[in-house]
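In: Quick one, what's the 3D model for this:
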Amino acid sequence: MARDTEPTDTKQPAAPTTGTATGRAPAPAPSSSGEVADFIAKVKSLAPATGAARGRLLFAMDATMSRAPTWDMALALQSEMFRAVKEIGSLEVQLMYFRGNGEARASKWVANADALAALMRQVACHGGFTQIGKVLTHARRESERTKISALVYVGDAVEEPIDQLAGRAGELALLGVPAFLFQEGDDANATRAFKEIARITKGAHCRFGPGSAAELRELLTAVAVYAAGGRKALEALLPKPGGGGARRLLGQMRRP
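Out: Coordinates of the predicted model:
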């Protein structure tokens, strides 16, 4: 199902940028209440699918070696999001990942969440530098073809010049595609980059660690459900297990 993307920058970076050594392994830090509140405020600005239209969610992840220690946990959380998508039934999802020596792949756009979850479980971490620029470029190209509701990205580091990423984020912003970035751990350079991408695209940034796994799962689910069906879909999620993310989002939407 996966296919190679066709980004303009196919060369592998020569070395990590300052402050992002390949041996990165910061102690994971859960997101603060302020970060979660900001994240929820940004999610509510998504334009949900209406009528017969399907929402489109591009889900991208860093599969480089630094994420190996918590990879199983991340896959389990992301699978929960796909299960929520399956229940909604009005959201198309595309999976993208990068790893190794310039490898970046994307699946087809599908409504079969089970197929994507199975594909995701086959992905293993390989050593290499980040390729977030390719993710942003791919998202722009896909949205130029057919509008994307949102980009969701999960990663722990940034080894590319932030100014270059900001430029590509600006191209995405012109198409009205918000980027929601989930940061594993608390690498300072990644935090700066993710916050800037979120600011430019009018998306949001939120950190997570082992102590906030449940929160991440609920917020991922809330993003997917709202992109697919809007407020009514979120309300339907409330009584179900893991409906806390929907509750936070709806609570924020009631505020003036």
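In: Phi, psi for residue 56 please.
Out: Backbone dihedrals for residue 56, given as degrees, to the nearest 10, come out at phi -130, psi 120.
In: Surely it is in contact with residue 90?
Out: No - taking C-beta atoms under 8 Å as the definition, residue 56 is not a contact partner of residue 90, at 10.5 Å. C-betas here are computed from N, CA, C, even on glycine.
In: Now stretch 107-120: average pLDDT?
Out: Mean pLDDT, computed over stretch 107-120, is 78.
In: for stretch 57-70, same thing?
Out: The average of the pLDDT scores along stretch 57-70 is 90.
In: got the residue ranges for the strands in this protein?
Out: 3-4, 55-62, 91-99, 103-106, 150-155, 179-184, 204-208 (DSSP state E).
In: tell me what the fifth one is packed against?
Out: Strand 150-155 makes packing contacts with strand 55-62, helix 132-145, strand 179-184, helix 213-237 when contacts are defined by 3 or more C-beta pairs under 8 Å, 6 or more residues apart in numbering; DSSP states H and E.
In: Could you rerun that using 7 Å?
Out: For strand 150-155, the packing partners by 3 or more C-beta pairs under 7 Å, 6 or more residues apart in numbering; DSSP states H and E come out as strand 55-62, strand 179-184, helix 213-237.
In: Cross-check the contact I'm expecting between residue 77 and residue 217.
Out: Yes - the criterion here is C-beta atoms under 7 Å, and residue 77 meets it with residue 217 at 4.6 Å.
In: quick revisit: between the strands of the chain, which has the poorest mean confidence score?
Out: Among the strands of the chain, strand 3-4 carries the lowest mean pLDDT, a mean of 48.
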